[in-house]
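Student: How does the following fold in three dimensions:
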Amino acid sequence: MTILVTGATGRVGSRFVPRLLRRAEPVRVLARDPRRAEPLARLGAEVVAGDLRDDGALVAALKGVAAVVHLGAAFREVGDEEAVAVNRTATVALAEAAVRAGVSRFVSVGTTLVYGPGRGRPAREADEPVPPGWAYTTSKVAAEQALLRLHRTEGLPVRIVRLAFVYGEGDPHLAESLAWASDWPAHKRLHLVHHADVGQALIRALQADGVDGRTYNVADDAPVTHLELRRLNGEPAAEAAADQGEADPWEGIVDTAKIRRELGFRPIYPTVYTAHDAGAL
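Tutor: Numbering: from 1, shown residues only. Below you'll find the predicted structure:
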(Lines give C-alpha, C1' and ligand atoms only; values in the text may rest on other atoms or scores of the structure.)
Protein backbone atom coordinates (compact mmCIF):
# COMPACT_ATOMS: atom_id res chain seq x y z
CA MET A 1 0.00 0.00 0.00
CA THR A 2 1.19 3.54 -0.69
CA ILE A 3 1.91 5.44 2.52
CA LEU A 4 1.89 9.22 2.72
CA VAL A 5 4.31 10.72 5.25
CA THR A 6 4.09 14.37 6.26
CA GLY A 7 6.95 16.10 8.03
CA ALA A 8 9.29 13.76 6.18
CA THR A 9 12.22 16.18 6.09
CA GLY A 10 12.21 16.82 9.83
CA ARG A 11 14.33 15.07 12.42
CA VAL A 12 11.93 12.17 12.94
CA GLY A 13 10.64 11.95 9.38
CA SER A 14 14.04 11.95 7.71
CA ARG A 15 14.99 8.92 9.78
CA PHE A 16 11.60 7.19 9.59
CA VAL A 17 11.02 7.31 5.81
CA PRO A 18 14.17 5.30 4.99
CA ARG A 19 12.95 2.62 7.39
CA LEU A 20 9.66 2.38 5.50
CA LEU A 21 11.48 2.24 2.17
CA ARG A 22 13.73 -0.57 3.39
CA ARG A 23 10.54 -2.57 3.93
CA ALA A 24 9.79 -2.13 0.22
CA GLU A 25 6.75 0.00 1.04
CA PRO A 26 5.72 2.57 -1.61
CA VAL A 27 6.18 5.90 0.14
CA ARG A 28 5.02 9.38 -0.85
CA VAL A 29 6.15 12.46 1.05
CA LEU A 30 4.60 15.91 1.16
CA ALA A 31 7.34 18.54 1.32
CA ARG A 32 7.19 22.33 1.29
CA ASP A 33 10.73 22.41 -0.08
CA PRO A 34 11.30 19.49 -2.50
CA ARG A 35 15.04 20.15 -2.40
CA ARG A 36 15.14 19.09 1.24
CA ALA A 37 13.39 15.86 0.24
CA GLU A 38 15.94 14.98 -2.45
CA PRO A 39 17.80 12.47 -0.22
CA LEU A 40 14.50 10.65 0.31
CA ALA A 41 13.71 10.77 -3.40
CA ARG A 42 17.07 9.18 -4.16
CA LEU A 43 16.11 6.34 -1.82
CA GLY A 44 12.88 5.80 -3.75
CA ALA A 45 10.27 8.05 -2.14
CA GLU A 46 7.82 9.91 -4.35
CA VAL A 47 7.87 13.62 -3.53
CA VAL A 48 4.81 15.86 -3.78
CA ALA A 49 5.57 19.55 -3.39
CA GLY A 50 3.13 21.41 -1.19
CA ASP A 51 2.11 22.72 2.21
CA LEU A 52 -0.17 21.06 4.74
CA ARG A 53 -2.31 24.21 4.64
CA ASP A 54 -2.92 23.95 0.90
CA ASP A 55 -6.09 21.98 0.14
CA GLY A 56 -4.97 21.31 -3.41
CA ALA A 57 -1.69 19.86 -2.21
CA LEU A 58 -3.54 17.57 0.21
CA VAL A 59 -5.75 16.21 -2.56
CA ALA A 60 -2.72 15.52 -4.76
CA ALA A 61 -0.75 13.96 -1.93
CA LEU A 62 -3.61 11.66 -0.87
CA LYS A 63 -4.55 10.40 -4.33
CA GLY A 64 -4.22 6.62 -4.33
CA VAL A 65 -2.87 6.52 -0.77
CA ALA A 66 -3.92 3.75 1.60
CA ALA A 67 -2.33 5.07 4.80
CA VAL A 68 -0.98 8.27 6.34
CA VAL A 69 1.74 8.83 8.92
CA HIS A 70 1.38 12.43 10.05
CA LEU A 71 4.64 13.77 11.45
CA GLY A 72 4.24 17.37 10.28
CA ALA A 73 4.32 19.85 13.16
CA ALA A 74 5.42 23.35 14.12
CA PHE A 75 7.49 23.41 17.28
CA ARG A 76 10.71 25.37 17.40
CA GLU A 77 11.04 29.07 16.72
CA VAL A 78 7.48 29.66 15.55
CA GLY A 79 4.82 32.00 16.90
CA ASP A 80 1.68 30.84 18.64
CA GLU A 81 -0.54 31.44 15.59
CA GLU A 82 1.76 29.38 13.40
CA ALA A 83 1.81 26.55 15.94
CA VAL A 84 -1.99 26.41 16.06
CA ALA A 85 -2.31 26.73 12.27
CA VAL A 86 -0.04 23.76 11.64
CA ASN A 87 -0.52 21.52 14.66
CA ARG A 88 -4.28 21.84 14.97
CA THR A 89 -5.93 23.40 11.91
CA ALA A 90 -3.80 21.77 9.22
CA THR A 91 -3.86 18.41 11.01
CA VAL A 92 -7.66 18.41 11.05
CA ALA A 93 -7.78 19.44 7.38
CA LEU A 94 -5.44 16.56 6.50
CA ALA A 95 -7.57 14.11 8.48
CA GLU A 96 -10.79 15.30 6.82
CA ALA A 97 -9.16 14.97 3.41
CA ALA A 98 -7.94 11.48 4.36
CA VAL A 99 -11.50 10.44 5.23
CA ARG A 100 -12.70 11.67 1.83
CA ALA A 101 -9.83 9.81 0.15
CA GLY A 102 -10.80 6.58 1.91
CA VAL A 103 -7.50 5.85 3.69
CA SER A 104 -7.47 2.73 5.85
CA ARG A 105 -4.87 3.90 8.40
CA PHE A 106 -4.08 7.33 9.85
CA VAL A 107 -1.21 7.45 12.34
CA SER A 108 -0.88 10.82 14.06
CA VAL A 109 2.31 11.51 15.97
CA GLY A 110 2.09 13.49 19.18
CA THR A 111 4.16 14.17 22.28
CA THR A 112 4.15 12.95 25.87
CA LEU A 113 4.52 16.62 26.88
CA VAL A 114 0.72 16.85 26.70
CA TYR A 115 0.37 15.09 30.07
CA GLY A 116 1.76 17.98 32.06
CA PRO A 117 2.72 17.58 35.74
CA GLY A 118 3.22 14.20 37.35
CA ARG A 119 0.42 12.19 38.90
CA GLY A 120 2.39 10.26 41.51
CA ARG A 121 3.02 7.58 38.86
CA PRO A 122 3.90 7.34 35.17
CA ALA A 123 1.28 8.96 32.91
CA ARG A 124 -1.10 6.63 31.11
CA GLU A 125 -2.93 7.11 27.85
CA ALA A 126 -6.31 7.30 29.62
CA ASP A 127 -5.16 10.24 31.74
CA GLU A 128 -6.69 13.60 30.88
CA PRO A 129 -3.99 15.80 29.33
CA VAL A 130 -2.98 18.84 31.35
CA PRO A 131 -0.55 20.45 28.90
CA PRO A 132 1.79 23.28 29.82
CA GLY A 133 0.52 26.60 28.51
CA TRP A 134 2.63 26.54 25.37
CA ALA A 135 0.95 26.83 21.98
CA TYR A 136 2.77 23.69 20.87
CA THR A 137 1.35 21.43 23.58
CA THR A 138 -2.13 22.98 23.72
CA SER A 139 -2.48 22.79 19.92
CA LYS A 140 -1.37 19.16 19.93
CA VAL A 141 -4.03 18.31 22.51
CA ALA A 142 -6.68 20.16 20.51
CA ALA A 143 -5.64 18.27 17.38
CA GLU A 144 -5.86 14.90 19.12
CA GLN A 145 -9.32 15.70 20.44
CA ALA A 146 -10.48 16.72 16.97
CA LEU A 147 -9.04 13.56 15.41
CA LEU A 148 -10.83 11.36 17.93
CA ARG A 149 -14.09 13.20 17.20
CA LEU A 150 -13.56 12.51 13.50
CA HIS A 151 -12.99 8.87 14.38
CA ARG A 152 -16.31 8.72 16.21
CA THR A 153 -18.34 10.73 13.70
CA GLU A 154 -16.67 10.08 10.34
CA GLY A 155 -14.81 6.83 10.87
CA LEU A 156 -11.30 8.28 10.66
CA PRO A 157 -9.02 5.24 11.24
CA VAL A 158 -6.74 7.19 13.56
CA ARG A 159 -4.04 5.81 15.85
CA ILE A 160 -2.27 8.39 18.03
CA VAL A 161 1.35 7.76 19.01
CA ARG A 162 2.81 10.02 21.72
CA LEU A 163 6.59 10.17 21.68
CA ALA A 164 8.91 10.83 24.59
CA PHE A 165 12.07 12.89 24.01
CA VAL A 166 13.53 11.58 20.74
CA TYR A 167 17.29 11.10 20.27
CA GLY A 168 19.90 9.06 18.43
CA GLU A 169 21.38 8.54 14.95
CA GLY A 170 23.12 11.91 14.91
CA ASP A 171 20.12 13.88 16.17
CA PRO A 172 21.49 16.78 18.28
CA HIS A 173 18.56 16.60 20.71
CA LEU A 174 20.64 15.24 23.60
CA ALA A 175 23.14 18.08 23.38
CA GLU A 176 20.36 20.64 22.97
CA SER A 177 18.66 19.38 26.13
CA LEU A 178 21.34 21.02 28.27
CA ALA A 179 20.16 24.46 27.17
CA TRP A 180 16.65 24.14 28.58
CA ALA A 181 17.46 21.66 31.37
CA SER A 182 20.31 23.74 32.76
CA ASP A 183 18.35 24.78 35.85
CA TRP A 184 16.97 21.33 36.61
CA PRO A 185 17.81 19.61 39.88
CA ALA A 186 20.48 16.96 39.34
CA HIS A 187 17.97 14.17 40.01
CA LYS A 188 15.15 15.40 37.74
CA ARG A 189 14.47 12.79 35.03
CA LEU A 190 13.82 12.88 31.29
CA HIS A 191 12.11 10.03 29.46
CA LEU A 192 13.73 9.22 26.12
CA VAL A 193 13.03 7.17 23.00
CA HIS A 194 15.54 6.31 20.27
CA HIS A 195 14.77 6.97 16.60
CA ALA A 196 14.96 3.23 15.93
CA ASP A 197 12.20 2.65 18.47
CA VAL A 198 10.14 5.53 17.09
CA GLY A 199 10.31 3.80 13.72
CA GLN A 200 9.37 0.47 15.24
CA ALA A 201 6.40 1.95 17.09
CA LEU A 202 5.06 3.84 14.08
CA ILE A 203 5.27 0.78 11.85
CA ARG A 204 3.52 -1.35 14.46
CA ALA A 205 0.76 1.27 14.83
CA LEU A 206 0.47 1.51 11.05
CA GLN A 207 0.11 -2.21 10.49
CA ALA A 208 -2.05 -3.22 13.46
CA ASP A 209 -5.66 -4.24 12.90
CA GLY A 210 -8.51 -3.25 15.20
CA VAL A 211 -6.80 -0.37 17.03
CA ASP A 212 -8.53 2.64 15.48
CA GLY A 213 -9.20 5.39 18.02
CA ARG A 214 -6.46 4.28 20.39
CA THR A 215 -3.51 6.21 21.81
CA TYR A 216 -0.07 4.82 22.65
CA ASN A 217 2.87 6.14 24.66
CA VAL A 218 6.32 5.38 23.25
CA ALA A 219 9.42 5.59 25.44
CA ASP A 220 12.38 3.51 26.53
CA ASP A 221 12.62 1.55 29.75
CA ALA A 222 14.76 3.86 31.90
CA PRO A 223 14.55 7.68 32.10
CA VAL A 224 17.79 9.55 32.69
CA THR A 225 18.56 12.24 35.24
CA HIS A 226 19.87 15.72 34.53
CA LEU A 227 23.20 14.57 35.96
CA GLU A 228 23.30 11.69 33.47
CA LEU A 229 22.40 14.01 30.59
CA ARG A 230 25.40 16.14 31.42
CA ARG A 231 27.70 13.15 31.60
CA LEU A 232 26.40 11.79 28.29
CA ASN A 233 27.23 15.14 26.74
CA GLY A 234 30.70 15.21 28.27
CA GLU A 235 29.77 18.05 30.59
CA PRO A 236 30.66 18.25 34.30
CA ALA A 237 27.92 18.23 36.89
CA ALA A 238 26.41 21.67 37.38
CA GLU A 239 27.29 22.91 40.85
CA ALA A 240 23.99 24.73 41.28
CA ALA A 241 21.99 21.65 40.29
CA ALA A 242 23.00 19.85 43.45
CA ASP A 243 21.42 22.62 45.52
CA GLN A 244 18.10 22.72 43.68
CA GLY A 245 14.91 21.83 45.51
CA GLU A 246 12.93 18.67 45.12
CA ALA A 247 11.64 17.71 41.66
CA ASP A 248 8.43 15.81 40.95
CA PRO A 249 9.83 12.30 40.30
CA TRP A 250 6.99 11.46 37.89
CA GLU A 251 6.70 14.59 35.78
CA GLY A 252 7.36 13.67 32.15
CA ILE A 253 7.53 9.94 32.85
CA VAL A 254 5.09 7.72 30.95
CA ASP A 255 3.73 4.20 31.17
CA THR A 256 4.39 2.08 28.06
CA ALA A 257 2.52 -1.05 29.11
CA LYS A 258 -0.27 -0.48 26.57
CA ILE A 259 1.89 -0.46 23.44
CA ARG A 260 3.84 -3.42 24.76
CA ARG A 261 0.66 -5.36 25.44
CA GLU A 262 -1.37 -4.44 22.35
CA LEU A 263 1.27 -3.91 19.66
CA GLY A 264 4.14 -6.10 20.89
CA PHE A 265 6.54 -3.16 21.23
CA ARG A 266 9.89 -3.86 22.91
CA PRO A 267 12.62 -1.21 22.80
CA ILE A 268 15.57 -1.99 20.56
CA TYR A 269 17.48 0.39 22.81
CA PRO A 270 15.97 -0.01 26.30
CA THR A 271 18.25 2.71 27.67
CA VAL A 272 20.38 5.51 26.31
CA TYR A 273 23.41 3.56 27.52
CA THR A 274 22.45 0.64 25.26
CA ALA A 275 22.40 3.06 22.33
CA HIS A 276 25.70 4.61 23.44
CA ASP A 277 27.41 1.22 23.61
CA ALA A 278 26.04 0.33 20.17
CA GLY A 279 27.37 3.57 18.65
CA ALA A 280 23.81 4.64 17.84
CA LEU A 281 23.80 8.10 19.41
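Student: drop to CA atoms for contacts and neighbour counts, all remaining ones
Tutor: Fine.
Student: got the buried residues for the helix or strand bottoming out on mean pLDDT in the chain?
Tutor: Lowest by mean pLDDT, DSSP states H and E among the helices and strands of the chain is helix 173-180, with a mean of 91. By neighbour count with 16 or more other Cα atoms under 10 Å, helix 173-180 contains the buried residues 174, 177, 178.
Student: Throw these into JSON lines and include distance to residue 57, thanks.
Tutor: JSON lines is the format used below for the buried residues of helix 173-180 (distance: Cα to Cα, whole Å):
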{"residue": "174", "distance to residue 57": "34"}
{"residue": "177", "distance to residue 57": "35"}
{"residue": "178", "distance to residue 57": "38"}
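Student: Nearest to residue 219 among these?
Tutor: Relative to residue 219, the closest of those is residue 174; by Cα to Cα it sits at 14.9 Å.
Student: all strands of the stretch 1-150 of the chain, in order?
Tutor: Using DSSP state E, counting those that start in this stretch, the strands found in the stretch 1-150 of the chain span residues 3-6, 27-31, 46-49, 67-70, 105-111.
Student: want to throw those into CSV with distance to residue 274?
Tutor: Converted to CSV, these look like this (distance: least, Cα to Cα, whole Å):
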stretch, distance to residue 274
strand 3-6, 29
strand 27-31, 30
strand 46-49, 34
strand 67-70, 28
strand 105-111, 23
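Student: follow-up on the earlier one: by contact count, what packs against the least confident helix or strand of the chain?
Tutor: Counting by 3 or more Cα pairs under 8 Å, 6 or more residues apart in numbering; DSSP states H and E, the packing neighbours recorded for helix 173-180 are strand 165-167, helix 226-232.
Student: Toward the C-terminus, what is the element adjacent to that helix?
Tutor: In the C-terminal direction, the helix or strand that comes right after helix 173-180 (DSSP states H and E) is strand 189-190.
Student: Show me how far the helix or strand just after that following strand is from its chain's centre.
Tutor: The first helix or strand that comes after strand 189-190 along the chain, using DSSP H and E, is strand 192-194. Relative to its chain's centre, strand 192-194 lies at 10 Å (Cα atoms, centre = their mean, to the nearest Å).
Student: Direction included, what does strand 192-194 pair up with?
Tutor: Neighbouring strands of strand 192-194 in its sheet, by DSSP bridges, are strand 165-167 (parallel).
Student: What lies in contact with the lengthiest helix in the chain?
Tutor: Across the chain, the longest stretch assigned as helix under DSSP state H is helix 135-154. Residues outside helix 135-154 that contact it (Cα atoms under 8 Å, 6 or more residues apart in numbering) are 74-75, 80, 83-84, 87-89, 91-92, 95-96, 99, 110-111, 113-114, 129, 131-132, 156-158, 160, 212-213.
Student: From the residues you listed, list the buried ones, please.
Tutor: 74-75, 83-84, 87-89, 91-92, 95, 99, 110-111, 113-114, 129, 131, 156-158, 160, 212-213.
Student: Among those, name the ones in helices.
Tutor: Reading helices off the buried ones among the contacts of helix 135-154 with DSSP H, I get 83, 84, 91, 92, 95, 99.
Student: Look up how far residue 67 lies from the last one.
Tutor: As for residue 99, its distance to residue 67 is 11 Å (criterion: Cα to Cα, to the nearest Å).
Student: Please name the nearest non-neighbouring residue to residue 120.
Tutor: Distances taken as Cα to Cα, 6 or more residues apart in numbering place residue 250 nearest to residue 120, at 6.0 Å, with adjacent residues excluded.
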